[in-house]
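Chemist: need coordinates for the below:
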Amino acid sequence: MTDKTGKPIDILLVEDNAADARLAKEALKDSKIRNELYHVEDGESAIDFLYRKGEHEKAPRPDLILLDLNLPRKDGREVLAEIKGDEDLRRIPVVILTISKDEADVLKTYDLHANCYITKPINLDRFLEVIKSIEDFWLSIVKLPPNGVL
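Modeler: Just a heads-up that it's a prediction; the model follows:
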């Protein structure tokens with residue numbers, strides 16, 4: 001699946017754990033849906049990517065964001081608040097993908113208008129299943145908002 005122009009779905013992965021990022025990339029690489037995965041390792045880089053600042057000046061606007069909560073420099077809650085507080089970015093679906101099972105984190109992120117909250121499994125096979133489930137739901141079933149529309 002691509003958009004009407006044949007362009008792949010752009011996904012921004014905001015993840016500081018190199019192993020988890022590598023697994024997500026591998027899981028999405030063989031996707032039945034053409035996608036382009038972009039990866040940043042901290043919250044400030046995520047904001048720079050979204051606002052096309054610095055080394056990210058040519059970054060595409062993502063169709064979907066996979067966001068970890070516990071990030072260096074600017075945590076995922078701050079990134080989520082900034083995304084959902086910006087009229088131009090708020091319609092980009094944000095999937096929280098984190099190790100935290102803390103009920104306060106779940107409530108806080110939904111209060112900040114996260115689109116869903118997923119706790120990362122520790123088991124490798126289960127982690128890959130979760131990434132495939134995200135792909136199946138967000139890229140196959142859900143109709144994403146048109147890219148760049150306010």
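
Chemist: mean confidence score for the one helix or strand Ala24 maps to?
Modeler: Ala24 belongs to helix 18-29 when elements are defined using DSSP states H and E. Averaging pLDDT along helix 18-29 gives 86.

Chemist: same question for stretch 131-147.
Modeler: 80.

Chemist: cool, and stretch 35-43?
Modeler: Here the average pLDDT along stretch 35-43 is 93.

Chemist: mind exporting it as CSV, just the C-alpha atoms?
Modeler: Output in CSV follows, covering the C-alpha atoms of stretch 35-43 (Å, rounded to 0.1, in the frame of the first residue of the first chain):
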residue,chain,number,x,y,z
ASN,A,35,7.4,2.1,3.8
GLU,A,36,10.4,4.3,4.5
LEU,A,37,11.6,4.2,8.1
TYR,A,38,13.5,7.1,9.5
HIS,A,39,15.1,6.7,12.9
VAL,A,40,16.2,9.3,15.5
GLU,A,41,17.6,8.5,18.9
ASP,A,42,16.4,11.3,21.1
GLY,A,43,13.5,13.7,21.6
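
Chemist: other residues contacting that stretch?
Modeler: Residues outside stretch 35-43 that contact it (CB atoms under 8 Å, 6 or more residues apart in numbering) are 8-16, 21, 24-25, 28-29, 46, 48-49, 56, 59-60, 62, 71-76, 78-79, 135, 139. (C-beta placed from N, C-alpha, C; glycine too.)

Chemist: how far does stretch 93-109 sit from the chain's center?
Modeler: Relative to the chain's own centre, stretch 93-109 is displaced by 13 Å; criterion: CA atoms, centre = their mean, to the nearest Å.

Chemist: and if you look at stretch 55-63?
Modeler: For stretch 55-63, the distance to the chain centre is 13 Å (CA atoms, centre = their mean).

Chemist: in stretch 135-145, what's buried?
Modeler: The neighbour-count check on stretch 135-145 (16 or more other CB atoms under 10 Å) flags Glu135, Trp138, Leu139 as buried.

Chemist: out of these, who's nearest Leu66?
Modeler: Taking CB to CB as the measure, Leu66 lies nearest Trp138 of the buried residues of stretch 135-145, at 9.1 Å.
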